[in-house]
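Engineer: Provide a 3D model corresponding to the input given below.
(4 chains)
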Protein chains: 2
Amino acid sequence: MARAALAASHPTEPELEVGRRQRNKLDKRARILAAARELFSRKGFPATTTAEIAARAGIGAGTLFLYVASKEDLLVSIFHEEMDRVADAAFASLPRRASVLDEIVHVYGALIRFHERDRGLARVFVKELMFVGEVNRASVGAFIDGLQRRTAERIEAAKARGEVDAAAPSAEIAVHCFALYIALLQRWLGLGTALATAEHVARLRLAFDFQLRGFVRGPRPARPSRAPRARA
Amino acid sequence: MARAALAASHPTEPELEVGRRQRNKLDKRARILAAARELFSRKGFPATTTAEIAARAGIGAGTLFLYVASKEDLLVSIFHEEMDRVADAAFASLPRRASVLDEIVHVYGALIRFHERDRGLARVFVKELMFVGEVNRASVGAFIDGLQRRTAERIEAAKARGEVDAAAPSAEIAVHCFALYIALLQRWLGLGTALATAEHVARLRLAFDFQLRGFVRGPRPARPSRAPRARA
DNA sequence: GTGGAAAACTGAGTGCAGTCAGAAATTCGC
DNA sequence: GCGAATTTCTGACTGCACTCAGTTTTCCAC
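Structural biologist: Below is the predicted model of the structure:
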């Protein structure tokens, strides 16, 4: 019936009728992602049904699942795309003459600030991220690897300028920074910690600082160790 | 009808009839957990239906949800109980005269070995753990806090015997150890890394080692930094 | 005991993610 | 152009987690 209405809206030029079948698969996938993005952010993840998304994308309810494996995969696809952009922008805007720590916090802080825009969606995304199905696994893996590789590059650069011990295993440190990012993010979004974003970033900075300890050269002022809040 | 059959099976002693109503709520909850445990481990999480669990526990399908908030919460409750026991046992069997690192790896290694018994269930559990609903939040929080507190105690003990710098913030380090544990566990169970358990524990040890760097006193042999596998 | 309020339970019902048998469109050999 | 083979699409259908209006059981005041 949607189809009939569409055709009827151009009754005078039937040869120009751009039916659903003419739009190709890539276009269809793009429309699916756009529809889902709009509905998820307007109504929230649980309140959005896959049928709605399909309708808004102009396809049958079943067709949706020829393009995505599940409702959750759909969310991950959307976020993944945007996170890619955020990470690229963050690495492209690194602070000048800053310490490695500041550089790394700059990048992960950007990701956290991005998640803050819609905590409800971010919560679901972060929950699913590490458990994506076969379809998205490669791209999620590539995203994480890219993040870690570029983090390691910052550490290598710091080595080159003598800020970090040349023996420091950059790749491993980068892996651990990501681990800390994910774990603290989950605690922030998952369990009900009402921590402000700035506080959360500060915690992450502290964690990264710990991670870099023992590798950063030169006098390191013994920062006053703030006692952690009971369940922060 | 199940009720009628039960009553009919003891027709000669009606006053002794132990009907469903006599068993109290605690008993009922215990039966629910037992039924779920058996079915989850025999058939797996997705293949088990809540109706089956209710039937096996001898209650109505709807009654189940007066005791647990969701199927996932049910799994978390079960695992939580068992993890509590595993953690207690691990802390009670700490290696003698060992380093802090060995002590901490002993505890988290026990948890990992526990998860290995059924990776399918562990996968779901670890995914849900940080995102439990209101009902289990307090108990999960208490479990995590207990783990971190006892870890911090090991660090404090190491301080007392001069192994660790007195200025090291034990509580924060313990928090970060847990973060590393969770994040690496998710990567192990979530994304399809076919890492053997021993390898996984070795990775965790390396992570904890990094975390303790800068705080452990005395000469620390620069271990050959194994390059991390491309996507391990 | 008895009546009546409160608590606990029930299973038919609801809504939705995901499936699948068949329809429609597309491609291709001739 | 035409039929057959192949790909793509569809929406009615299925199965299951979870709900809720109605029922049963328990508690308690008298």
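
Engineer: Give me the most central residue, chain A.
Structural biologist: For chain A, the residue whose C-alpha lies nearest the mean C-alpha position (Cα atoms, centre = their mean) is A:Met83; its distance is 3.7 Å.

Engineer: quick check: mean pLDDT across the helix or strand containing that one?
Structural biologist: Per DSSP states H and E, A:Met83 falls inside helix A:71-92. Averaging pLDDT along helix A:71-92 gives 95.

Engineer: Distance from the chain centre to whatever helix or strand comes next after it, please.
Structural biologist: Following helix A:71-92 in sequence order, the next helix or strand is helix A:100-116 (DSSP H and E). Centroid separation for helix A:100-116 versus its chain: 12 Å, with Cα atoms, centre = their mean, to the nearest Å.

Engineer: from the chain's centre, how far out does the helix or strand just after helix A:100-116 sit?
Structural biologist: Following helix A:100-116 in sequence order, the next helix or strand is helix A:119-129 (DSSP H and E). Distance of helix A:119-129 from the chain centroid (Cα atoms, centre = their mean) equals 9 Å.

Engineer: Packing partners of helix A:119-129?
Structural biologist: On a contact count with 3 or more Cβ pairs under 8 Å, 6 or more residues apart in numbering or on different chains; DSSP states H and E, helix A:119-129 meets helix A:71-92, helix A:100-116, helix A:170-189. For the C-beta atoms, the positions are set from N, CA and C on the backbone; glycine is no exception.

Engineer: Could you rerun that using 6 Å?
Structural biologist: In terms of contacts (3 or more Cβ pairs under 6 Å, 6 or more residues apart in numbering or on different chains; DSSP states H and E), helix A:119-129 is packed against helix A:71-92, helix A:170-189.

Engineer: Could you say which of those helices is packed most deeply?
Structural biologist: helix A:170-189 (a mean of 23; mean count of other Cβ atoms under 10 Å in any protein chain shown).

Engineer: Which helix or strand lies directly C-terminal to it?
Structural biologist: Following helix A:170-189 in sequence order, the next helix or strand is helix A:197-212 (DSSP H and E).

Engineer: who's in contact with that next one?
Structural biologist: Contacts with helix A:197-212, where a contact means Cβ atoms under 6 Å, 6 or more residues apart in numbering or on different chains, come from A:101, A:104-105, A:108-109, A:112, A:116, A:176-177, A:180, A:184, A:188, B:176.

Engineer: quick one: buried residues of that helix?
Structural biologist: A:200-201, A:203-212 (16 or more other Cβ atoms under 10 Å in any protein chain shown).

Engineer: Please convert those to a markdown table, extending it with pLDDT.
Structural biologist: Converted to a markdown table, the buried residues of helix A:197-212 look like this (pLDDT from 0 to 100):
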| residue | pLDDT |
| --- | --- |
| A:His200 | 92 |
| A:Val201 | 94 |
| A:Arg203 | 90 |
| A:Leu204 | 92 |
| A:Arg205 | 93 |
| A:Leu206 | 90 |
| A:Ala207 | 89 |
| A:Phe208 | 91 |
| A:Asp209 | 89 |
| A:Phe210 | 83 |
| A:Gln211 | 83 |
| A:Leu212 | 84 |
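
Engineer: In these, find the pair that's most separated.
Structural biologist: A:His200 and A:Leu212 (19.0 Å; Cβ to Cβ).

Engineer: Looking at the buried residues of helix A:197-212, which one is closest to DNA strand C?
Structural biologist: A:His200 (29.9 Å; Cβ to the nearest atom of the strand).

Engineer: roughly how far apart are the closest one and A:Ile112?
Structural biologist: Taking Cβ to Cβ, to the nearest Å as the measure, A:His200 falls 6 Å from A:Ile112.

Engineer: and if you look at A:Asp73?
Structural biologist: From A:Asp73 to A:Ile112 the distance is 23 Å (Cβ to Cβ).

Engineer: Ok, A:Gly133 next?
Structural biologist: 26 Å.

Engineer: Could you do A:Val124 as well?
Structural biologist: The spacing between A:Val124 and A:Ile112, counted by Cβ to Cβ, is 16 Å.

Engineer: what secondary structure does A:Gly214 sit in?
Structural biologist: Here A:Gly214 is coil, with the state taken from DSSP: H, G, I helix; E, B strand; the rest coil.

Engineer: Next up, the contacts around it.
Structural biologist: A:Gly214 sits in contact with B:213-214, where contact means Cβ under 6 Å, 6+ apart.

Engineer: Could you give the separation of stretch A:26-46 from the chain centroid?
Structural biologist: A distance of 16 Å separates the centroid of the chain from that of stretch A:26-46, by Cα atoms, centre = their mean.

Engineer: Pull out the buried positions in it.
Structural biologist: Buried residues in stretch A:26-46 (16+ other Cβ under 10 Å): A:28, A:31-33, A:35-37, A:39-40, A:45.

Engineer: Among the buried residues of helix A:197-212, find me the one that's closest to A:Ser170.
Structural biologist: Set against A:Ser170, the nearest of those by Cβ to Cβ is A:Leu212 (10.8 Å).

Engineer: quick one on the thing from earlier: A:Gly133 and A:Ile112: who's more crowded?
Structural biologist: Applying other Cβ atoms under 10 Å in any protein chain shown to A:Gly133 and A:Ile112 shows that A:Ile112 carries more neighbours, namely 21 against 13.

Engineer: Could you report the separation of that one from DNA strand C?
Structural biologist: 28 Å (Cβ to the nearest atom of the strand, to the nearest Å).

Engineer: Chain neighbours aside, what residue packs nearest to that residue?
Structural biologist: Leaving aside its sequence neighbours, A:Ile112 sits nearest to A:Val201 (Cβ to Cβ, 6 or more residues apart in numbering or on different chains; 5.8 Å).

Engineer: do A:Leu111 as well
Structural biologist: A:Val86 (6.1 Å).

Engineer: And for A:His115?
Structural biologist: A:Ala122 (3.9 Å).

Engineer: Repeat that for A:Glu116.
Structural biologist: Nearest to A:Glu116 is A:Thr197, by Cβ to Cβ, 6+ apart, at 5.0 Å.

Engineer: From A:His115, how far off is that neighbour?
Structural biologist: A:Thr197 is 9 Å from A:His115, by Cβ to Cβ.

Engineer: What's the biggest helix in chain A, counting residues?
Structural biologist: For chain A, the helix that runs over the most residues, judged by DSSP state H, is helix A:134-160.

Engineer: DNA strand D contacts on chain A?
Structural biologist: Applying Cβ under 7 Å from any atom of the strand, one finds that chain A approaches DNA strand D through A:20-21, A:25, A:28, A:59-63, A:66.

Engineer: Mind checking which of those residues are in helices?
Structural biologist: Per DSSP H, the subset of the residues of chain A next to DNA strand D in helices is A:25, A:28, A:66.
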